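*Asks:* Pasting the sequence and the predicted model now:
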Amino acid sequence: MQKKSLDVWVGMFVLLGAAALLFLALKAGNMSSFSFNPTYQVTGKFDNIGGLKPQAPVKSAGVVVGRVADIRFDDKTFQANVILNLDSSFQFPKDSSLKILTSGLLGEQYIGISPGGDVKNLANGDKISSTQSAVVLEDLISQFLYSKAADSGGNNNNGSNNGSSSGGK
Amino acid sequence: MINAIGSLGYSLRMWLTNLGYATRMFVRMLGLSFGLLRRPRLITDQIHFIGNYSLVIIAVSGLFVGFVLGLQGYYTLNKYGSEQALGLLVALSLTRELGPVVTALLFAGRAGTSLTAEIGLMKAGEQLAAMEMMAVNPLQRVIAPRFWAGVISMPILAAIFSAVGVVGGYIVGVRMIGVDEGAFWSQMQGGVDVVKDVMNGVLKSVVFGFAVTFIALFQGYESQPTPEGVSRATTRTVVIASLTVLGLDFLLTALMFN
């Protein structure tokens, strides 16, 4: 009889361990975001994917409709082929376009899909070429610096920096 | 001078002999383990002794490690204005490193020492010799059930440690400091991969379970059958097991997360 009660405690111990693993997988891990819905694959061609990673979400109107399955480099076109798994329950027109967006200022990158107006829908294996690359911070900064430099160059012709910038407005 | 070189060579040879003996014992014990399938009760008894009794210290340590991670993580992340990533930091550091490693260190201190002392005293009391006299192989009857119980208990304890630690980080981060709850969990779920982080953590703890339990059992089995010998063996268990765990952790991390 004494052995029986001991077994209960061992059983509870093992159960507790299983519960802890389940908690880690479901609540802390990304198990709950695995969907077992059927998907279809489309490929997007991007000039620059920035920091996009596999498993990044694909969102339309902010709702997750699929995930990035794989990212490959195409050495013929020198573009990145991003393979997307889209949920089969969501259909998008054939001329939909893809954009690489960032959630928040420094957040992770995801793909936004904005629907087009075509009557035909995207099917498995389709390619999307109307894409918008990721915003690269260095490019933005250099553009900003160039425009600043151009501004101040123009101002110098007019006269002193301070006077012309206030006078120009 | 010659003596010093001689004793160095001697200790190296003894070390090698011990290593070879330990390997031979390990293989024999694995071979004898199949007989245990017919008597699983031997293993459950030991799981109760090794696992259940370690539960409280593991859970409480996990809770406090989670608390500290919450506080320290918040303090550092706050400097970069990204305290939303606190959940990710807590969960990743627990599932990848702290869960398996700290559990293994505590396990060596809590269960490993008691295993070494128990077997050392069995040997000092000539119980192991008595078993052999009765044609019962102590490797099969005493060592193997304890070994498998340790191997089974260790990943369970590590999983509990990590889970309790995440809850501890949640209590401090969200409840006390006031990090946004949704961001805490969603950043965690976005960043923690089940296979890459959680399962690799479990794999680590299984390896640590093998190492710590076997070191404890071997030290007990090989101890000098005197009170002093048993106390030395117990100390050696903690020292060797801790160093092995930390060294293995580096190796496994380099293999898994490169």
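*Replies:* That came through fine.

*Asks:* Under the pLDDT cut-off, which ranges of chain A? List them.
*Replies:* Counting by pLDDT under 70, chain A has low-confidence residues at A:1-4, A:30-36, A:104-107, A:154-169.

*Asks:* Quick one: the helices in it, in order.
*Replies:* Counting by DSSP state H, chain A has helices at residues A:2-23, A:137-158, A:161-168.

*Asks:* ok, now the stretch 101-250 of chain B?
*Replies:* B:113-124, B:127-133, B:138, B:144-170, B:181-191, B:200-221, B:227-256 (DSSP state H, counting those that start in this stretch).

*Asks:* residues touching whatever residue of chain A ends up closest to chain B, list them.
*Replies:* The minimum distance from chain A to chain B, using CB to the nearest CB, falls at A:Gly17 (3.0 Å). Bear in mind the C-beta positions are built from the backbone N, C-alpha and C, glycine included. Counting by CB atoms under 8 Å, 6 or more residues apart in numbering or on different chains, A:Gly17 makes contact with B:155-157, B:159-160.

*Asks:* swap in B:Leu71?
*Replies:* B:172, B:177.

*Asks:* B:Asp180 too?
*Replies:* Taking CB under 8 Å, 6+ apart, one finds B:84, B:174 in contact with B:Asp180.

*Asks:* same thing with B:Pro145?
*Replies:* By CB under 8 Å, 6+ apart, the contact list for B:Pro145 reads B:36, B:42-43, B:45-46.

*Asks:* restrict the residues you listed to contacts with chain A.
*Replies:* B:Asp45 (CB under 8 Å from any CB of the partner chain).

*Asks:* Which member of the contacts of B:Pro145 is positioned nearest chain A?
*Replies:* B:Asp45 (6.9 Å).

*Asks:* Leaving out chain neighbours, which residue sits closest to the closest one?
*Replies:* The shortest distance from B:Asp45 to any residue other than its chain neighbours is 6.9 Å, reached at A:Leu6 (CB to CB, 6 or more residues apart in numbering or on different chains).

*Asks:* Report the beta-bridge partners for the residue nearest to A:Gly117 when sequence neighbours are not counted.
*Replies:* Of all residues not flanking A:Gly117 in the chain, A:Pro93 sits nearest, at 6.2 Å (CB to CB, 6+ apart). Note on A:Pro93: beta-bridge partners by DSSP bridges are A:Asn121.

*Asks:* Just confirm A:Pro93 contacts A:Ala123, I think it does.
*Replies:* No: using CB atoms under 8 Å, A:Pro93 is not in contact with A:Ala123; the gap is 11.4 Å.

*Asks:* In contact with whichever residue of chain B sits closest to chain A, which residues?
*Replies:* In chain B, no residue comes nearer to chain A than B:Ile156, which is 3.0 Å away by CB to the nearest CB. Contacts here follow CB under 8 Å, 6+ apart; on that basis B:Ile156 touches A:13-14, A:16-18, A:20, B:51.

*Asks:* what does B:Phe218 give?
*Replies:* By CB under 8 Å, 6+ apart, the neighbours of B:Phe218 are B:22, B:25.

*Asks:* now A:Asp118
*Replies:* Applying CB under 8 Å, 6+ apart, the residues contacting A:Asp118 are A:93-95.

*Asks:* Output these in CSV; the columns should cover neighbour count and distance to B:Met134.
*Replies:* Converted to CSV, those look like this (neighbours: other CB atoms under 10 Å in any protein chain shown; distance: CB to CB, whole Å):
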residue, neighbour count, distance to B:Met134
A:Pro93, 13, 81
A:Lys94, 15, 81
A:Asp95, 15, 84
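
*Asks:* Which strand residues bridge the spatially most central residue of chain A?
*Replies:* Taking CA atoms, centre = their mean, the centroid of chain A lies closest to A:Tyr110, which sits 1.1 Å from it. Beta-bridge pairing for A:Tyr110 (DSSP bridges): A:Leu101.

*Asks:* isn't it right next to A:Leu101, touching?
*Replies:* Yes: A:Tyr110 lies in contact with A:Leu101 (CB under 8 Å); the separation is 5.9 Å.

*Asks:* shared neighbours, these two?
*Replies:* Counting by CB under 8 Å, 6+ apart, the residues touching both A:Tyr110 and A:Leu101 are A:Lys59.

*Asks:* give me the element B:Leu12 is part of.
*Replies:* helix B:2-32 (DSSP states H and E).

*Asks:* Mind giving me the packing neighbours of that helix?
*Replies:* Using 3 or more CB pairs under 8 Å, 6 or more residues apart in numbering or on different chains; DSSP states H and E, the elements in contact with helix B:2-32 are helix B:144-170, helix B:200-221.

*Asks:* Tell me what angle it forms with helix B:144-170.
*Replies:* Computed by axes from the mean of the first three to the mean of the last three CA atoms, to 10 degrees, the angle separating helix B:2-32 from helix B:144-170 equals 90 degrees.

*Asks:* Lowest mean pLDDT among the helices and strands of chain B, which one is it?
*Replies:* helix B:181-191 (a mean of 83; mean pLDDT, DSSP states H and E).

*Asks:* Only the buried residues of that helix, if you could.
*Replies:* Going by neighbour count (16 or more other CB atoms under 10 Å in any protein chain shown), the buried part of helix B:181-191 is B:183-185, B:187-191.

*Asks:* for it, packing partners?
*Replies:* helix B:86-93.

*Asks:* interface residues of the stretch 151-258 of chain B facing chain A?
*Replies:* B:153, B:155-157, B:159-160, B:162-164, B:166, B:185, B:188-190, B:192-194, B:197-198, B:202.

*Asks:* do that again at 7 Å, thanks
*Replies:* B:156, B:159-160, B:162-163, B:166, B:185, B:188-190, B:192-194, B:197-198 (CB under 7 Å from any CB of the partner chain).
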